[in-house]
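# could you look at this predicted model? Sequence included:
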Amino acid sequence: MKAFPGVTMVILHGDIPGINNVSALHNPEELLASKRSLHAGQPIAIVVAVSQDVAEKAAKLVKVEYFDVQPPILNCRDAIAKQSFHPQPKGIVVGDAAAVIASAAVKVSGEIEMGTQNHFHMETEGAVTYPTEDGLNIESGTQHMDSVQQAVSQCCGIGRHRINVTVKRTGGGFGGKGGKNWIAGASAVAAFLTRRPVKVHVSLWDNLRMKGRRYPYLMKYQAGTDSSGKLLGVIMDIYGDAGASDNYIGPLNGAGRMSDNVYSSTAWKVSLYACKTNTPANTFCRAPGSTEAIYFIEYILEHVAKTLKKPSLDIKRLNFYKNGDTRRDGSIVKDIQVAEITDQLMESAEYTARMAAVTSFNQANRWRKRGMNVVPMRFDCHWAGRHYNCLIAIFHAGGTIAVTHGGIEMGQGINTKVAQVVAFELGVDVKYIVIQPTQTLTNANASGSNGSVTSELVCLAAIDCCKQLRTRIDAVRGKDTEKTWEVLIEECFKKGVDLSAHSYVSPVLELPVVYSTYSAMCTEVELDVLTGEYQITRLDMLYDCGESTSPMIDIGQAEGAIVMGLGYFLSENQVYDPKTGENVTFGTWKYKPPMAKDIPIDFRVAFLPNAPNPSGVLRSKLVGEPPLCMTSSVVFALRNAIAANLAEVNKDDAWFHVATPMTVERVQQYSRIEIPQLRYKD
């Protein structure tokens, strides 16, 4: 291989100078497979060449022989059959759910199957490493610099103080660039061994083959209610496909923790099972666990409503938490707004009139049916365990301001928000401010940018820096409010005032939940029952964002989250070869993220007005992930449209199960169109 023109080096696991591990978590994850390949797509060698084209051509010439090949375990059902599990996470038990359900007036049970979702970043992951006399400088497209620094330290066998990771921005993250350090690790090891700069940038195909994605789930449930539909007991057995490693068990824990959504029950039993499969280790993906948890309980309540032949929204209202109720973790419900927000959404979305119109449409049309559904939501904000820096420097001879912080700009607008907050706090025009790249040197030990909280915590650190600076600057300003900013800063400089400030935010809280945000979404669809094709005719969301620090950014974040959720629930179908375990949907020919025509025809996103959040930064609330959690409303709207067809044709109003994603093929099959239905009648 080294004789191939342009190839500099071929690196195998034995060539790694340090430890063959790119994970910063409890279980090692090999940079290059050493003894056993755990899944198709696992890296086994690094080809270093003078250009990417040469490297890719040479890599295709590598021949790999496998022995002791076993049938792959590719999903939760396979794992259950083979009893292939990682250590079991802790579940939730409140009361005796089995006994309560056994004596309940109404009982429902079933299974829920959910597929996965690729992160499908706007740019695939990349890194370039420069050897220096002190160590390594790495420019990485990561969401988590600290994790990259640790992985490179392990692989190269050098101290973290010799490694500086820099991130200007990354083109989309969604959790997929938050701890999977193969790309940066490969770049660093190659640069360390060759003593030359090395860039690694994987293709979309390879990115989808080698990296994990959103957890797929299988959930088995039982629930019991009284005759009115009031929940008495719920049992959930949640199987999450963790893949080859359980390093990223957080989504499964989140699916259990948030599985009550906005609903109260006297008894719960939630059991969690981390399935061990021969797929890349799955990981966080925008709103991980919370999206699935809300779908689980909404699905159960839809089943209850169908059994009782009542509108599902009536059943949901009956079970809403109320102020003073006790949640499963023992906390007391307070300041809950779900009923009020749902009422406001129903009014603004013209729910009652549109439901009547949907009924009329379905009666008048044989081959096209409409459906509508409302999903409410609670999303808890957690700050514990998060650490973020901010460094602000003001320069004399112009008063310009440079800011660097511990968050990563991935398109969520964190740099814009920080610049706006600094301008507001210092009382200057934003034209003076530039956000410099994030670095491990100036922002050491920073947490990853995820969980929707990075923007607000980095802004909190920026506010603290500004307070330090204002105190020093105001001492020079005195009562003279007429001085221009440039003159004032020059005077501070001449008097020896320190014009830089640093802050490190690591909240210590009495309660795990800082605040909750509540929202509701109403989705209407129109279905062609012959083909299974559908359109989202209208989608309304009312979201509690507190007092947004940057409304245009937050609206964009909400809309983007919704569209990503629609892709997850509708079109993004991951398929593996059952014999080899290879990902056969590694490009857009077969894997379908949402495009322009998948966006709702009538798309209405609104923020709750006059709703300041006293517990938030500048009275705001998080926004990046929660809107995605309610997009399961499209599944239930489609299911209602399908049910309207079945009721008309087969006089069948029984509950039927659906799996996600609700692809066109699945929807057409659920519609159960038969040849006799297509004949003209005399």
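Everything's here; your move.
# thought R370 was touching E526?
Yes - assessed by C-beta atoms under 8 Å, R370 is found in contact with E526 at 5.0 Å. Where you see a C-beta, it was placed from the backbone N, CA and C, and this is true even at glycine.
# could you pull out the residues contacting both of these two?
Both R370 and E526 are contacted by 537, 641, under the criterion C-beta atoms under 8 Å, 6 or more residues apart in numbering.
# when those two are compared, which one has more neighbours?
Between R370 and E526, counting by other C-beta atoms under 10 Å, R370 is the more crowded of the two (24 against 21).
# all helices for the stretch 1-150 of the chain, in order.
52-59, 76-82, 97-102, 145-156 (DSSP state H, counting those that start in this stretch).
# pull out the buried positions in the first one.
Read that as helix 52-59. Neighbour counts over helix 52-59 (16 or more other C-beta atoms under 10 Å) mark 54-55, 57-59 as buried.
# ditto for the shortest one
By 16+ other C-beta under 10 Å, the buried positions in helix 97-102 come out as 97, 100-101.
# can you tell me the average pLDDT over it?
Mean pLDDT, computed over helix 97-102, is 98.
# what packs against that helix?
strand 217-225, strand 231-243, strand 267-276 (3 or more C-beta pairs under 8 Å, 6 or more residues apart in numbering; DSSP states H and E).
# and after the last one, which helix or strand comes next?
Along the chain past strand 267-276, the next helix or strand (assigned with DSSP states H and E) turns out to be helix 290-308.
# what does the second one give?
On the C-terminal side of strand 231-243, the closest following helix or strand by DSSP H and E is helix 250-257.
# who touches that following helix?
89-92, 214-215, 217, 236, 238, 240, 242, 270, 272, 274, 282-285, 288-290, 292-293, 296.
# please export the C-alpha coordinates of that helix as PDB.
Taking C-alpha atoms only, helix 250-257 is exported to PDB below (Å, rounded to 0.1, in the frame of the first residue of the first chain):
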ATOM      1  CA  GLY A 250     -28.300   9.400  28.400                       C
ATOM      2  CA  PRO A 251     -31.000   9.200  25.700                       C
ATOM      3  CA  LEU A 252     -32.400   6.000  27.200                       C
ATOM      4  CA  ASN A 253     -32.400   7.400  30.700                       C
ATOM      5  CA  GLY A 254     -34.100  10.500  29.400                       C
ATOM      6  CA  ALA A 255     -36.800   8.400  27.700                       C
ATOM      7  CA  GLY A 256     -37.600   7.000  31.200                       C
ATOM      8  CA  ARG A 257     -37.300  10.200  33.100                       C
END
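# how near is the spatially most central residue of the chain to P251?
Nearest residue to the geometric centre of the chain (C-alpha atoms, centre = their mean): R286, 0.9 Å. To P251, R286 is 11 Å away according to C-beta to C-beta, to the nearest Å.
# E292 too?
8 Å.
# ok, now L272?
From L272 to P251 the distance is 11 Å (C-beta to C-beta).
# run me through the strand neighbours of the strand or helix carrying M377, direction for each.
When elements are assigned from DSSP H and E, M377 belongs to strand 368-381. Strand 368-381 has the following strand partners under DSSP bridges: strand 515-528 (antiparallel).
# in the stretch 51-200 of the chain, which spans are strands?
Secondary structure of the stretch 51-200 of the chain, counting by DSSP state E, counting those that start in this stretch: strands at 92-94, 106-114, 126-131, 136-140, 163-167, 198-201.
# average model confidence for the second one?
Strand 106-114 carries an average pLDDT of 98.
# packing partners for that strand?
Against strand 106-114 (3+ C-beta pairs under 8 Å, 6+ apart) you get strand 217-225, helix 290-308.
# contacting residues around the nearest residue to I297 once chain neighbours are set aside?
With sequence-adjacent residues excluded and distances taken as C-beta to C-beta, 6 or more residues apart in numbering, I297 is closest to N261, at 4.9 Å. By C-beta under 8 Å, 6+ apart, the contact list for N261 reads 293-294, 297-298, 376-378.
# these: which two are farthest apart?
Greatest spacing in the contacts of N261, by C-beta to C-beta: A293 and P376 (13.5 Å).
# just to revisit the earlier point, P609: which of the buried residues of helix 97-102 is nearest?
Distances from P609 to those, taken by C-beta to C-beta, are shortest for A97, at 39.8 Å.
# the closest one and I235, how far apart?
Distance of A97 to I235, computed by C-beta to C-beta: 5 Å.
# shared neighbours of those two, anything?
Shared contacts of A97 and I235 (C-beta under 8 Å, 6+ apart): 222, 268-269.
# please convert the residues you listed to TSV, extending it with distance to P72.
Listed next are those as TSV, based on distance: C-beta to C-beta, whole Å:
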residue	distance to P72
Q222	31
W268	35
K269	32
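# and of those residues, the nearest to E491?
W268 (63.6 Å).
# give the rounded mean pLDDT of stretch 186-201.
Here the average pLDDT along stretch 186-201 is 97.
# hang on, the earlier thing: let me know the closest of the contacts of N261 to L313.
When those are ranked by distance to L313 (C-beta to C-beta), P376 comes first, at 9.0 Å.
# need the contact list for the residue lying closest to the closest one once chain neighbours are set aside.
With sequence-adjacent residues excluded and distances taken as C-beta to C-beta, 6+ apart, P376 is closest to A520, at 4.5 Å. Neighbouring residues of A520 by C-beta under 8 Å, 6+ apart: 338, 341-342, 345, 374-377, 541-542, 630.
# ok, E559 touching V605?
Yes - taking C-beta under 8 Å as the definition, E559 is a contact partner of V605 at 5.6 Å.
# more neighbours: the two, which one.
Each of E559 and V605 has its neighbours counted (other C-beta under 10 Å); V605 has more, 20 against 17.
# that's a strand at that one, yeah?
Yes - looking at V605 with DSSP: H, G, I helix; E, B strand; the rest coil, it is inside a strand.
# any idea what it is bridged to?
Assessed by DSSP bridges, V605 has beta-bridge partners M541.
# go ahead and confirm it touches Y543.
Yes - V605 lies in contact with Y543 (C-beta under 8 Å); the separation is 7.1 Å.
# returning to that earlier point: S140: which of the shared contacts of A97 and I235 is nearest?
Each of those was checked against S140 using C-beta to C-beta; the closest is W268, at 42.0 Å.
# what's around the nearest residue to the closest one once chain neighbours are set aside, how many residues?
Counting by C-beta to C-beta, 6+ apart, W268 lies nearest to V94, which is 4.4 Å off, once chain neighbours are set aside. By the criterion of other C-beta under 10 Å, V94 has 19 neighbours.
# right, and the helix or strand after the longest helix belonging to the chain?
Across the chain, the longest stretch assigned as helix under DSSP state H is helix 454-477. Remark: after helix 454-477, the chain's next helix or strand is helix 485-494, criterion DSSP H and E.
# that older thread, look up how far F320 lies from the residue nearest to P376.
Separation of A520 from F320 (C-beta to C-beta): 11 Å.
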